[in-house]
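**Student:** need a 3D model of the following:
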Amino acid sequence: MRVTKLPAAPTTILKALIVLVLALTMSACSWFRHGGDQLDTLPLPQLYALAHNDLIHADYSAAEKAYQRLIARFPSGPFNEQAQLEMAYAQYKNNKPDDAYSTVNRFIKSNPLNPHVDYAYYLRGLINFDRTAGIIERTFTSQEIGKQTRRDQGYNLKSFDDFAELSRRFPDSAYAADARQRMIYLRNVLAQYEINVAKFYLRNKAYVASADRAQYVIEHYQESPEAGDALAILCRSYLALDQKQQADQVRQVLTLNYPDHPYLKDARWPHSPSILRKMIPFSGHY
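**Tutor:** Residues are numbered from 1 along each chain as shown. I've put the predicted structure just below:
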């Protein structure tokens, strides 16, 4: 899946102060290097400049530490609000999703009118979006959904809800378009997970359970590519439960919407994988 490159955390605090902050960056860094740990004594603009400089140079641990001292020493004001948001980003990039999620939630709760709160919702979605995928899976995208759908989908559900809230609250946000694309991806992942479980129940002759899972996909993920599979599984489940009338109705819907679905030519679809196939790691079969 292609997704928009992660944008840097928003950096505008007050336009009137930005020139001052940039001018102080180098002096703050020099002060820190030659004067020991000055996090408890640096003036507010220089402390922010130091933390932000660490952030843009990807020293996320140092940035987090500096932001924490800024927030503790200066508990209110625009620098404090910006520090909270940028600290959440630093924690996210430093592979601390729990800390990042807590920080961004506090920011949203404490600063609902902040001009960058839309980014906070977006970042919250990203934190959960990345919890269930590693670098290898993001690189080899052809196997991505197959691997994810065998895991607990709790984080994906949370991520979907976060992106949905961003799109609802801030439809014109600079992050809304990317959030909507990620929602489509997550919808498909969640639907495929339900289909995998439905197939498992079907193979094990738990037809009521397979019908319930298939019906869930039809009701909640009807725009996903897996909707056709859900109709086919529901039809097979109804036939196995001797509910021919319901099965005929579902088959008609499947024929109308997915005329090329393999179940329409092969009543035994989906076929059970071979024992050898089940033994292949990450094959998507279980």
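**Student:** now for residue 188: which residues touch it?
**Tutor:** Neighbouring residues of residue 188 by Cβ atoms under 8 Å, 6 or more residues apart in numbering: 145, 221, 224, 225, 226. No exception for glycine: its C-beta is placed from N, CA and C like everyone else's.
**Student:** in the helix or strand that contains residue 63, what's buried?
**Tutor:** Element membership of residue 63, judged by DSSP states H and E, is helix 60-73. Across helix 60-73, burial judged by 16 or more other Cβ atoms under 10 Å covers 60, 62, 63, 64, 65, 66, 67, 68, 69, 70, 71.
**Student:** picking up where we left off before, taking the contacts of residue 188, tell me the two that lie furthest apart.
**Tutor:** The span of the contacts of residue 188, defined through Cβ to Cβ, is set by 145 and 221 at 13.0 Å.
**Student:** more neighbours: the two, which one.
**Tutor:** Under the criterion of other Cβ atoms under 10 Å, the comparison of residue 145 against residue 221 puts residue 221 first, with 21 against 18.
**Student:** that one contacts residue 228, doesn't it?
**Tutor:** No - judged on Cβ atoms under 8 Å, residue 221 makes no contact with residue 228 at a distance of 11.4 Å.
**Student:** okay, and the common contacts of the two?
**Tutor:** The contact sets of residue 221 and residue 228 do not overlap (Cβ under 8 Å, 6+ apart).
**Student:** pLDDT and secondary structure added to the contacts of residue 188, as TSV?
**Tutor:** Below are those laid out as TSV (pLDDT from 0 to 100; DSSP: H, G, I helix; E, B strand; the rest coil):
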residue	pLDDT	secondary structure
145	49	helix
221	95	coil
224	95	coil
225	94	coil
226	96	coil
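**Student:** name the helix or strand of the chain that has the lowest mean pLDDT.
**Tutor:** In the chain, the helix or strand scored least confidently by mean pLDDT, DSSP states H and E is helix 135-139, which has a mean of 42.
**Student:** tell me, how many residues neighbour residue 267?
**Tutor:** Residue 267 has 10 neighbours, counted by other Cβ under 10 Å.
**Student:** the helices in the stretch 51-200 of the chain, which residues?
**Tutor:** 60-73, 78-93, 97-110, 117-129, 135-139, 144-148, 154-169, 176-203 (DSSP state H, counting those that start in this stretch).
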